[in-house]
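Asks: turn this into a structure:
(2 chains)
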Amino acid sequence: MTLERAKLTLGPLHFHWPTAQRRDFYARIADEAPVDTVILGEVVCSKRAPFFDSHIPEVAERLHRAGKEVVLASLALVMQARERQAVLDLAAGDDFLVEANDLTAVAACAGRPHTVGPLVAVYNPGTLELMARQGATRVCLPGELTGDAITALARAAMITGTEIEVQAFGRLPLAISARCYHARAHGLHKDGCRYVCEKHPDGMDLDTLDGTPFLAVNGVQTLSGSYLDLLGDLGRLRAAGVSRFRLSPQDCDMVAVAESFRAVLDGAVPAAQAQDRLRDLCPGRRFSNGFLHGAEGKSYRPAVGAP
Amino acid sequence: MTRPASPPAPKPLALVCPAGTPAALDAAVEAGADAVYCGYADATNARNFPGLNFSPVEMRAAVARTHRAGRALYIAINTFPRAGEEAVWHRAVDNAAEAGADAVILADLGLLAYAQAHHPNLRLHLSVQAAASTPEAIRYLAQAFGVQRVVLPRVLTLAEVTALTAAVAPVETEVFAFGGMCVMAEGRCQLSSYVTGQSPNTHGVCSPAGAVQFRREAGGDVTARLNDITIDRHAAGSPAGYPTLCKGRFRANGTTGYLFEEPTSLNAADHIPGLIAGGVRALKIEGRQRGHAYVARVVAEFRRAIDAAVAGGFTLPDLASEMEGGRATAGAYDRRWR
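Replies: Numbering: from 1, shown residues only, chains lettered A, B, ... in the order given. Have a look, this model is predicted:
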């Protein structure tokens, strides 16, 4: 069986990077990264959005000129009137595909083509088919799904014609809250947060009492302490019908990360060699892929069969 | 001559109470619950603990007993069906309809569609696990599936709950008032499965007991671990709470402490008058895993407090002994919590 060329998506930046750093980051992605799609927009905290929203048209234009598809992501947890309005405005726009990251956006996007992000609960074919009927052309599945569940969903997606995307690199978004833990760890509240999350461009490390690295706090979001690495599992997922892989931006050389994933998908480099390279690119980081193997997400299990 | 009908009186705030066992169900009914919610003894419900919950036969008997007392019984089928195992969840919805449940509490959109298609007369409530936090999301679910009541996520302030309730009428809102409290948006938290492989979303358990170990250290301290992750440590002899992940002590930014939340219970009892004024339809007590004595005490105190508030003489319920670590918070209902 020949497979269509798998695509790479650069997921939304979860962290609160300074505006100049963000613009430089996306400029380099546009010029150098072998990714097919780039997702822009603030997913984690609406208080951060004003810093970068006005730059999105220019950044999107540059990515578009470089041949990348641009998708705009909606906020993960929508509560306030201005947040609701921002979602409605996003969904009403004509220029870009929108990634729905909560039920407000799912509702607003219904009836027109859109994508569904990993923070929306799509756990089974019944829900996937519902999303497809409403116009979802692509669904990035929740991080905690097992390989068996992904396989069942990918099979259903072949019938509905939906693209199935799976996150393959970066910290996993594990939880979202109304409370800002970044502010709390600094003795502040969300309303007067002083944007302390900007201090940690890769998330604030949260360790156990024994000093074991565990999670990463990013404002109202809690991420995995480990980076997801599915390099060794790409072959199995491709065979199951997964057509896209998401690379979640971390504070490392994301161009080189994308090159590693592209090379393995193209069969140009063995997975083991790319994994060595990935560890060089992310010094001091731990890697995991347990969810895919039906185990605790933080564990790393050797892949079954190389791609 | 006919007089124009006067507008119907607003329905009073209903008290919705947990039951993990037939004894707890009887205790809740006896103590004044308007409705009791239960689950089947499998992964279809979000309190999938050993020795808890109801078989289909027990559930039919529970519905009959509750109805004889003039109360309602809701069945929570509020986890997300695992791909390839949907039949288990579909059967639970079929069983609930057959048992005569007054409503099923669902979270999964595909399962809502199934219930609507196969049991059009079954009343649908949206679980907190579905994370519907805006009028747009709720109106969509009401329109798409006929959802008649929404249990609101524990992320909203009292002012936001009130505004949302007005915006979504005639869809009813139900809010958590007491018991264990998730600090993360429910149905969207993968912390437990990251550590243990068991998820509230697909297994119906958070920080499962099978993964908990208490270990006595050389110095006498007791360490509580979940799988191989240290959640908290206590001096020997001091009370050690259940090591729920988000209520543990961790280190970040050079400090050590309860970085997500302290071991504490939700208690929104002092908001009862505000919730009544805000048009909220039902107050929910958490705790299907709790014993019948706990259920009896908490339900009786809330019954008294609601009745007093309706009569204009509200006084706070006395529930200090029922709170985790003796502590409580109104959680997100107070804006400062954020």
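
Asks: so what pLDDT did the closest residue to chain A within the stretch 51-200 of chain B get?
Replies: Closest to chain A within the stretch 51-200 of chain B is residue B:110: 2.7 Å, counting by Cβ to the nearest Cβ. For the C-beta atoms, the positions are set from N, CA and C on the backbone; glycine is no exception. Predicted confidence (pLDDT) for residue B:110: 98.

Asks: in this structure it contacts residue A:125, no?
Replies: Yes: counting by Cβ atoms under 8 Å, residue B:110 touches residue A:125, with 7.5 Å between them.

Asks: what do the two both touch?
Replies: Common neighbours of residue B:110 and residue A:125, using Cβ atoms under 8 Å, 6 or more residues apart in numbering or on different chains, are residue B:86.

Asks: which secondary structure elements does the helix or strand containing residue B:93 contact?
Replies: Residue B:93 belongs to helix B:86-99 when assigned by DSSP states H and E. Packing partners of helix B:86-99 (3 or more Cβ pairs under 8 Å, 6 or more residues apart in numbering or on different chains; DSSP states H and E): helix B:56-68, strand B:72-77, strand B:103-106, helix B:109-118.

Asks: got TSV for the ones you listed, with mean neighbour count too?
Replies: Shown next, in TSV, are the helices and strands packed on helix B:86-99 (neighbours: other Cβ atoms under 10 Å in any protein chain shown):
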stretch	mean neighbour count
helix B:56-68	17
strand B:72-77	26
strand B:103-106	27
helix B:109-118	20
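
Asks: in CSV, list those along with distance to residue A:272.
Replies: Shown next, in CSV, are the helices and strands packed on helix B:86-99 (distance: least, Cβ to Cβ, whole Å):
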stretch, distance to residue A:272
helix B:56-68, 51
strand B:72-77, 44
strand B:103-106, 45
helix B:109-118, 39
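
Asks: can you give me the helices in chain B?
Replies: Remark: helices assigned in chain B by DSSP state H are B:22-31, B:56-68, B:86-99, B:109-118, B:135-145, B:158-168, B:191-196, B:272-277, B:292-310.

Asks: closest to residue B:12 out of the ones you listed?
Replies: helix B:292-310 (5.7 Å; Cβ to Cβ).

Asks: any buried residues in that closest one, and which?
Replies: B:292, B:294-303, B:305-306, B:308-309 (16 or more other Cβ atoms under 10 Å in any protein chain shown).

Asks: ditto for stretch A:195-214
Replies: The neighbour-count check on stretch A:195-214 (16+ other Cβ under 10 Å) flags A:196-198, A:200, A:202-209, A:213-214 as buried.

Asks: residue B:252 reaches residue A:217, doesn't it?
Replies: Yes: counting by Cβ under 8 Å, residue A:217 is a contact partner of residue B:252 at 6.2 Å.

Asks: ok, the residue in chain A positioned nearest to chain B - contacts?
Replies: As assessed by Cβ to the nearest Cβ, chain B sits closest to residue A:126 within chain A, at 2.7 Å. By Cβ under 8 Å, 6+ apart, the residues touching residue A:126 are B:81, B:86, B:108, B:109, B:110, B:111, B:113, B:114.

Asks: show me which pair in these is furthest apart.
Replies: It's B:86 and B:109 that sit farthest apart of the contacts of residue A:126, by Cβ to Cβ, at 12.6 Å.

Asks: just to revisit the earlier point, against residue A:153, how distant is the residue of chain A closest to chain B?
Replies: Plainly put, residue A:126 is 10 Å away from residue A:153 if you go by Cβ to Cβ, to the nearest Å.

Asks: that older thread, and of the helices and strands packed on helix B:86-99, who's closest to residue A:36?
Replies: For residue A:36, the closest of the helices and strands packed on helix B:86-99 is helix B:109-118, at 28.2 Å, according to Cβ to Cβ.

Asks: next one: the closest one to chain centre, how far?
Replies: Chain-centre distance of helix B:109-118: 21 Å, with Cα atoms, centre = their mean, to the nearest Å.

Asks: shaky segments in chain B?
Replies: B:1-11 (pLDDT under 70).

Asks: point to the residue nearest the middle of it.
Replies: In chain B, the centroid-proximal residue (Cα atoms, centre = their mean) is residue B:286; its distance is 4.5 Å.

Asks: got the contact list for the nearest residue to that one once chain neighbours are set aside?
Replies: Spatially, and ignoring its direct neighbours in sequence, residue B:286 is nearest to residue B:179 (2.9 Å; Cβ to Cβ, 6 or more residues apart in numbering or on different chains). Going by Cβ under 8 Å, 6+ apart, residue B:179 touches B:18, B:265, B:266, B:285, B:286, B:287, B:290, B:298.

Asks: ok, now which ones touch the second one?
Replies: Right, residue B:265. By Cβ under 8 Å, 6+ apart, the contact list for residue B:265 reads B:178, B:179, B:180, B:181, B:322, B:323, B:324, B:325, B:327, B:328, B:329.
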